[in-house]
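**Q** Mind looking at a prediction? Sequence and model below.
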Amino acid sequence: MVPATRAANNIENTAESLQEDLARLELQKRALERELAAVAAHLDSVQRALGALSVLMSDPAGAARSTSTGDAGRVHDVEAKRETGPSLVEESPVDSTSRSKTSEQQQYGQLTEQIIDFFAHAADSEVRARDVAAALGRDTDSGSINAVRSTLDRLVGTSRIQRAGRGLYRAL
């Protein structure tokens with residue numbers, strides 16, 4: 001009978017040890033998931049920053065003009081690039097892929113200008129971030145809406161727009 005009792009104790013000890021391991025691993029998994037989300041968010045912001053810098057690096061004359069004339073010169077450069085249309089040079093599939101990523105990053109880089117333009121036409125009305133996102137066509141997912149919210153908060157911080165109340169924004 002002693003061997004049966006010893007086996008039962010071994011099984012109990014093993015079960016307790018596994019329960020402790022399970023609890024520790026679940027905590028570790030949650031911590032890693034949070035860390036992964038933070039890394040993914042940082043990666044996204046770095047990619048957008050690199051995209052904006054690559055636009056400036058690809059057009060050094062435009063970069064010099066934008067630093068001397070402010071935002072108006074940069075907006076003019078972006079509009080001029082839009083009007084010229086696609087290049088007549090044939091691209092390799094790799095170039096095409098990198099250009100489409102850069103195009104997406106340019107779109108996100110223009111968010112501040114789009115929001116400023118939106119408020120220039122919104123007169124003195126108070127609007128929610130979700131409404132701004134919808135007006136800009138960026139209400140397809142929560143990430144896009146959050147990008148608009150973040151940009152609105154940054155614009156409030158730089159006194160380019162004002163917070164009219166909880167979740168409400170208004171032009172200055």
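**A** That came through fine.
**Q** which stretches of this structure aren't confidently modelled?
**A** Low-confidence segments of the chain (pLDDT under 70): 1-2, 60-109.
**Q** If you count neighbours, what's buried in stretch 152-167?
**A** Buried positions in stretch 152-167, judged by neighbour count with 16 or more other C-beta atoms under 10 Å: 152, 155, 161, 164. The way it works is simple: take the backbone N, C-alpha and C, and place the C-beta from them, glycine included.
**Q** what's the helix or strand for the first one?
**A** In this case it means Leu152. Using DSSP states H and E, Leu152 maps to helix 142-157.
**Q** other SSEs contacting that helix?
**A** Using 3 or more C-beta pairs under 8 Å, 6 or more residues apart in numbering; DSSP states H and E as the contact test, the elements touching helix 142-157 are helix 111-121, helix 129-135, strand 161-165.
**Q** Any buried residues in the first one, and which?
**A** So the one you mean is helix 111-121. Neighbour-count burial for helix 111-121, counted by 16+ other C-beta under 10 Å, picks out 111-112, 114-116, 118-119.
**Q** Same question for the second one.
**A** Of all the residues in helix 129-135, those buried under the rule 16+ other C-beta under 10 Å are 129, 131-133, 135.
**Q** In CSV: the residues you listed, plus distance to Thr14.
**A** Converted to CSV, these look like this (distance: C-beta to C-beta, whole Å):
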residue, distance to Thr14
Ala129, 53
Asp131, 58
Val132, 58
Ala133, 54
Ala135, 61
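**Q** Put together CSV for the helices and strands packed on helix 142-157, with distance to Asp21 on each row.
**A** Listed next are the helices and strands packed on helix 142-157 as CSV, based on distance: least, C-beta to C-beta, whole Å:
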stretch, distance to Asp21
helix 111-121, 46
helix 129-135, 44
strand 161-165, 48
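**Q** Which of those sits closest to Asp44?
**A** helix 111-121 (13.3 Å; C-beta to C-beta).
**Q** Report the backbone C-alpha coordinates of the closest one in CSV.
**A** Only the C-alpha atoms of helix 111-121 are listed here, as CSV (Å, rounded to 0.1, in the frame of the first residue of the first chain):
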residue,chain,number,x,y,z
LEU,A,111,-3.5,63.3,-42.3
THR,A,112,-2.6,66.5,-40.5
GLU,A,113,-3.1,68.6,-43.6
GLN,A,114,-6.4,66.9,-44.3
ILE,A,115,-7.7,67.6,-40.8
ILE,A,116,-6.6,71.2,-40.9
ASP,A,117,-8.4,71.6,-44.3
PHE,A,118,-11.5,69.9,-42.8
PHE,A,119,-11.6,72.3,-39.9
ALA,A,120,-11.1,75.3,-42.3
HIS,A,121,-14.4,74.3,-43.9
